[in-house]
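> mind folding the following:
(2 chains)
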Number of protein chains: 2
Amino acid sequence: MKATIVTVGDEILIGQIVDTNSSFIAKSLDKIGIGVYEMLSITDDKQHILSTLSSLQNTVDVVIVTGGLGPTKDDITKKTFCDYFDDTLVVDEKVLAHVTQLIEGFFKRPITQINKDQALVPSRCEVLFNQVGTAPGMWMEKENTVFISLPGVPFEMKHLIENAVIPKLITKFERPYIVHKTILTYGVGESLLAERIEHWEDNLPEFIKLAYLPSPGRVRLRLSARGADENSLHEGIREQIEKLQLIISDCIVGFDDGETIEVVLGKLLSEKKMTIATAESCTGGKIASVITSVPGSSSYFKGSVVSYATEVKETVLGVPSAVIEKHSVVSAPVAEAMALQAQKIFNADYAIATTGNAGPDKGESEAEIGTVFIAVATPKGVFSEEFNFGQPREKVIDRAVIKGLEIIYKEITKNL
Amino acid sequence: MKATIVTVGDEILIGQIVDTNSSFIAKSLDKIGIGVYEMLSITDDKQHILSTLSSLQNTVDVVIVTGGLGPTKDDITKKTFCDYFDDTLVVDEKVLAHVTQLIEGFFKRPITQINKDQALVPSRCEVLFNQVGTAPGMWMEKENTVFISLPGVPFEMKHLIENAVIPKLITKFERPYIVHKTILTYGVGESLLAERIEHWEDNLPEFIKLAYLPSPGRVRLRLSARGADENSLHEGIREQIEKLQLIISDCIVGFDDGETIEVVLGKLLSEKKMTIATAESCTGGKIASVITSVPGSSSYFKGSVVSYATEVKETVLGVPSAVIEKHSVVSAPVAEAMALQAQKIFNADYAIATTGNAGPDKGESEAEIGTVFIAVATPKGVFSEEFNFGQPREKVIDRAVIKGLEIIYKEITKNL
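Numbers count the residues shown, from 1 in each chain, chains lettered A, B, ... in the order given. Here you go, the predicted structure:
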């Protein structure tokens, strides 16, 4: 079972937008044991789309195309599909009624011809009804290949993948079992980690594959097992993870995909019925934003003071001005005072604080660009660490966010 | 001049990470007039890489491959390059010295064989020296095609593209001129916008192409002009934009790529020497985070109170408990009180406040999931608007962030 994912759109090929659809689709296919052989991004050009479709026919079982279904004139995938299947466009009454209801009922404006044209589909295609948007999906088959066309708007595409495409693929195809397990590690770089687990890796059984997925401050290890008997795949992975835990227990944060450090931290705080708050300068509220991206975070996250302007550290957060004057605003004592104040005013068990210079300019502070002090206040006291995350600005902020979450996670687990 | 970008890595094909490298590379090539014909993501499999390289030879001028150069065992691009060019791996002394310095000098740990192997390169390749990492880039040529291999770590790849690849391509190839101009609009959906500018679009000259780039709450219009005479391209685009401004002046926020609403708002506040603060509940600090993602934002952003827990709205932000009890925490009066308090305690000219229910569960509040009240405090007073951004949680938060920035931008410009 092989699939190829095709995204259509010049905006992708000139780099104006990043294609996030393909990775969502790939993940969804992977879960049901359909391997993605290639991802392609191609231009809005009709000939390019046609030649791509014919090159994929009979080489893969499934082709999923996103993009080119919007209401605007540079969208041509639907017409090209129609030509490729030597079909004609006809109005789908159910889609037309839906589009009319959306435009007139929900958006409260008169329906236009461009809106109506959304209801046109190739006469022989199976319509994948799009409840959350105006452009319908299409399912067509030619010889040994299924061709699926979906709108490029991410949440419309996601809705159709989950509610129409995956269920239909499951009923149509027999698939092998595939089991993935992801191990989230932090604090150790990719190459050092590779050194530490080299022997274990060398002795992995044939049917289990390992991949390294490094990102700033953390490395994911992904084990993939493929085979006919689902139970033995799970068993094989379980055995290998037990062995791995003996080797790198010190840097394993969690398992499975969704288990980012913020999710793991959230679980821990909920279990312990502990609360957290932040006081952020250079991270500008991003630590709070990452913590609150987790559903249910309101049960353990109290809040944050983003004290961006120096005077705000005094007026709103309550850091003594003497501390700032004595040590300068980017310093360990200020970071620690910020953490203690956040812990106090939010009445939280734990607090994270950041102060630093994210760059690109030096600004008022004398601190080197990239310097960040991260402080953590706990029921037992407060401590801080100094880092230099280099440049660019975006990297400094992101590294500081991840590191702050890692430090407090490590601190809480240490005291369990 | 055509290029194809290839990313190597199973982690992309199972959807575990999103490929952001290709879009960065595409944007860089586009700026120097090299069009990207296709982007491919392929597996870590040697045969797959080999067949891809040979299929691209003599069909495009430039092939840029990222990924497969890390220190870990599932990285094989370098070896495959070596085979494809029928070459052998040799130690590059300059790279070896650099790697040794990085590991022993910067990371303060003994160098390992895996580290040393990073210095191996095909004997006939031109090394693209990687100052910011251990894996070198490679430039090799076969018949009419240049093959370039770069590490997959984004900031290493970016460093090599900017400092090695682009300069080398500019000297090697003659290229046509290409001029892009992006118009950022907001508040009008894609299809309605298409209706309004249909006549203008129909009358665009042959050499100018229009693309719609919709994203939640905003639509980008991109004009691309291609030709031999750079001046006439600029002139042609200037004329069309003048015409466009007469049609949709009400929804044009800014021009050019970097001009997101937060950048435009930042420029406006700096010019007016005005300051801003936020009080955030359901957006959890993301408005502050977006504002502070802009370099120089410290000159106009004072700070934020993320009042996630209800009591924090009273204790830290100072919203009268009576208001919350009377109207419930997700309400217009609370949003407006939050904005006024933020304006006051941060001593800012303007303030944005959000309170809502991002879901997925209803939680304490009676408000429908997806409901968000956005309030804006100005020197003249305060007002609020109610929205329902539906689901999922992520979308509710992102829409609320964009909408909040748009409302305050519109309000400030209205009073100029």
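
> please enumerate the helices of the stretch 151-300 of chain A.
A:154-160, A:166-172, A:190-196, A:198-202, A:230-248, A:261-272, A:286-291 (DSSP state H, counting those that start in this stretch).

> tell me which of these lies nearest to residue B:347.
helix A:286-291 (21.4 Å; CB to CB). The C-beta positions use only the backbone N, C-alpha and C, and glycine is treated the same way.

> the helix or strand just after that closest one packs against which elements?
Downstream of helix A:286-291, the first helix or strand assigned by DSSP states H and E is strand A:301-307. Helices and strands touching strand A:301-307, by 3 or more CB pairs under 8 Å, 6 or more residues apart in numbering or on different chains; DSSP states H and E, are strand A:276-280, helix A:286-291, helix A:332-345, strand B:301-307.

> picking that back up, just the helices of the stretch 151-300 of chain A: most buried one?
helix A:286-291 (a mean of 28; mean count of other CB atoms under 10 Å in any protein chain shown).

> returning to that earlier point: how about the helices and strands packed on strand A:301-307 in CSV, adding mean pLDDT and distance to residue A:177?
Below are the helices and strands packed on strand A:301-307 laid out as CSV (pLDDT from 0 to 100; distance: least, CB to CB, whole Å):
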stretch, mean pLDDT, distance to residue A:177
strand A:276-280, 98, 40
helix A:286-291, 98, 34
helix A:332-345, 98, 48
strand B:301-307, 97, 44
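
> quick one: closest of the helices of the stretch 151-300 of chain A to residue A:215.
Nearest to residue A:215 among these is helix A:190-196 (9.9 Å), distances taken as CB to CB.

> the closest one close to chain B?
Yes. Using CB under 8 Å from any CB of the partner chain, we find that helix A:190-196 touches chain B at A:190, A:191, A:192, A:194, A:195.

> per-residue confidence for the second one?
We note a pLDDT of 80 for residue A:191 in this prediction.

> just confirm it contacts residue B:112, I think it does.
Yes. With contact defined as CB atoms under 8 Å, residue A:191 reaches residue B:112; the gap is 6.9 Å.

> distance to residue A:180 added to the helices and strands packed on strand A:301-307, as JSON lines?
Below are the helices and strands packed on strand A:301-307 laid out as JSON lines (distance: least, CB to CB, whole Å):
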{"stretch": "strand A:276-280", "distance to residue A:180": "30"}
{"stretch": "helix A:286-291", "distance to residue A:180": "24"}
{"stretch": "helix A:332-345", "distance to residue A:180": "38"}
{"stretch": "strand B:301-307", "distance to residue A:180": "35"}
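
> out of those, which comes closest to residue B:274?
Closest approach to residue B:274 among the helices and strands packed on strand A:301-307 is made by strand B:301-307 (10.7 Å; CB to CB).

> can you name every helix or strand that the helix or strand following that closest one contacts?
Sequence order places helix B:310-315 as the next helix or strand after strand B:301-307, per DSSP H and E. Counting contacts by 3+ CB pairs under 8 Å, 6+ apart, helix B:310-315 is packed against helix B:321-327.

> and the helix it packs on, what's buried?
B:323, B:324, B:327 (16 or more other CB atoms under 10 Å in any protein chain shown).

> output the longest helix along chain A as CSV, nothing but the C-alphas.
If you go by DSSP state H, chain A has its longest helix at helix A:393-414. Output of helix A:393-414 as CSV, limited to C-alpha atoms (Å, rounded to 0.1, in the frame of the first residue of the first chain):
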residue,chain,number,x,y,z
ARG,A,393,15.8,36.4,17.7
GLU,A,394,13.2,33.8,16.9
LYS,A,395,15.6,31.0,17.9
VAL,A,396,16.6,32.7,21.2
ILE,A,397,12.9,33.0,22.2
ASP,A,398,12.0,29.4,21.2
ARG,A,399,15.1,27.9,22.9
ALA,A,400,14.3,29.9,26.1
VAL,A,401,10.7,28.7,26.1
ILE,A,402,11.7,25.1,25.7
LYS,A,403,14.5,25.3,28.2
GLY,A,404,12.3,27.0,30.8
LEU,A,405,9.7,24.2,30.5
GLU,A,406,12.4,21.6,30.7
ILE,A,407,14.1,23.1,33.8
ILE,A,408,10.9,23.2,35.7
TYR,A,409,9.8,19.8,34.6
LYS,A,410,13.1,18.3,35.7
GLU,A,411,12.9,20.2,39.0
ILE,A,412,9.4,18.9,39.8
THR,A,413,10.1,15.3,38.9
LYS,A,414,13.4,15.5,41.0
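
> could you check the angle that helix makes with helix A:332-345?
Helix A:393-414 and helix A:332-345 are oriented at 60 degrees to each other (axes from the mean of the first three to the mean of the last three CA atoms, to 10 degrees).

> now the angle from helix A:393-414 to helix A:261-272?
Put simply, helix A:393-414 runs at 30 degrees to helix A:261-272, going by the same axes, to 10 degrees.

> average pLDDT across helix A:393-414?
The average of the pLDDT scores along helix A:393-414 is 91.

> measure how it sits relative to strand A:276-280, angle-wise.
Here helix A:393-414 runs at an angle of 150 degrees relative to strand A:276-280 (the same axes, to 10 degrees).

> picking that back up, so can I have a markdown table of the buried residues of helix B:321-327 showing pLDDT?
Below are the buried residues of helix B:321-327 laid out as a markdown table (pLDDT from 0 to 100):
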| residue | pLDDT |
| --- | --- |
| B:323 | 96 |
| B:324 | 95 |
| B:327 | 94 |
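
> how near is the closest residue to residue A:308 other than its chain neighbours to residue B:83?
Spatial nearest neighbour of residue A:308, excluding adjacent residues (CB to CB, 6 or more residues apart in numbering or on different chains): residue B:303 at 4.6 Å. As for residue B:303, its distance to residue B:83 is 57 Å (criterion: CB to CB, to the nearest Å).

> neighbour count for the two, which is higher?
residue B:303 (31 against 15; other CB atoms under 10 Å in any protein chain shown).

> let me see the contact set for that one.
A:305, A:306, A:307, A:308, A:309, A:312, A:316, B:277, B:288, B:346 (CB atoms under 8 Å, 6 or more residues apart in numbering or on different chains).

> which members of the residues you listed are the farthest-apart pair?
Longest distance between any two of those is 12.8 Å, between A:316 and B:288; criterion CB to CB.

> next, the angle helix A:393-414 makes with the worst-scoring helix or strand of chain A on mean pLDDT.
The weakest-scoring helix or strand in chain A, judged by mean pLDDT, DSSP states H and E, is strand A:208-215 (a mean of 82). Put simply, strand A:208-215 runs at 120 degrees to helix A:393-414, going by the same axes, to 10 degrees.

> pull the CA atoms of strand A:208-215 into CSV?
The C-alpha coordinates for strand A:208-215 follow below in CSV (Å, rounded to 0.1, in the frame of the first residue of the first chain):
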residue,chain,number,x,y,z
ILE,A,208,11.9,-2.4,14.0
LYS,A,209,13.3,0.8,12.5
LEU,A,210,14.7,3.7,14.4
ALA,A,211,14.7,7.4,13.4
TYR,A,212,16.2,10.4,15.1
LEU,A,213,14.0,13.6,15.0
PRO,A,214,16.1,16.4,16.5
SER,A,215,14.7,19.8,17.2
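
> how far off helix A:230-248 does that strand point, in degrees?
Using the same axes, to 10 degrees: strand A:208-215 against helix A:230-248 is 50 degrees.

> which neighbouring elements make contact with strand A:208-215?
Where contact means 3+ CB pairs under 8 Å, 6+ apart, strand A:208-215 is packed against helix A:190-196, strand A:218-227, helix A:230-248, helix B:10-13.

> thanks again, I'm all set now.
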